[in-house]
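S.K.: Give me the fold of what follows.
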Amino acid sequence: MAKKVIGNLKLRIPAGRATAGPPVGSTLGQWGLNMMDFINPFNESTKDLMGKDVIVHMRVFEDRTFDWKCLGQPVDDLIREKIGLQKGSGKPNTEKVGKITRKQLEEIAEVKKDQLNAIDVDGAVKVIAGTARSMGVEIVD
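M.R.: As a prediction, this is how the structure comes out:
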């Protein structure tokens, strides 16, 4: 029989640098989970992305066990990295902070294709373009 899921957690953690302190320790502690069972494998599997934030989805089961999946960098981080931005615009409709090409959007779509709700590359590019527009980044061809 399958274990009953009692919680779904989403964490944004620096790759290769998870510690028993916040945000990992405080979140896992609330659920009564052993932190080191997550921290050591996470740090080992994400050491190649050192210094970048990654998204982790974790399922907590009623017997206080868990499983987790690392989804890589968030799309907004990939966009900012690709065009060299520090941060997005506070007023994205009126203040544009940068430009991104369709080719750059396609490169990001290739990286994130497994996690996006899209059938093909064109659909994935549209999803990423929407994120870019909401950050105040102009799409150019």
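S.K.: Tell me the first helix or strand C-terminal of the longest helix along the chain.
M.R.: The residue-count maximum for a helix in the chain (DSSP state H) belongs to helix 121-134. Following helix 121-134 in sequence order, the next helix or strand is strand 137-140 (DSSP states H and E).
S.K.: and that following strand, what other elements does it pack with?
M.R.: With contacts defined as 3 or more Cβ pairs under 8 Å, 6 or more residues apart in numbering; DSSP states H and E, the secondary structure elements packing on strand 137-140 are strand 98-101, helix 121-134. The way it works is simple: take the backbone N, C-alpha and C, and place the C-beta from them, glycine included.
S.K.: Contacts made by the first one with the rest, please.
M.R.: If I follow you right, that is strand 98-101. 79, 82-85, 132, 136-141 (Cβ atoms under 8 Å, 6 or more residues apart in numbering).
S.K.: are any of those residues buried, and which?
M.R.: Buried members of the contacts of strand 98-101, counted by 16 or more other Cβ atoms under 10 Å: 79, 82-83, 85, 132, 136-137, 139.
S.K.: follow-up on the earlier one: is it possible to get TSV of the helices and strands packed on strand 137-140 that adds distance to P14?
M.R.: Formatted as TSV, those follow (distance: least, Cβ to Cβ, whole Å):
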stretch	distance to P14
strand 98-101	24
helix 121-134	21
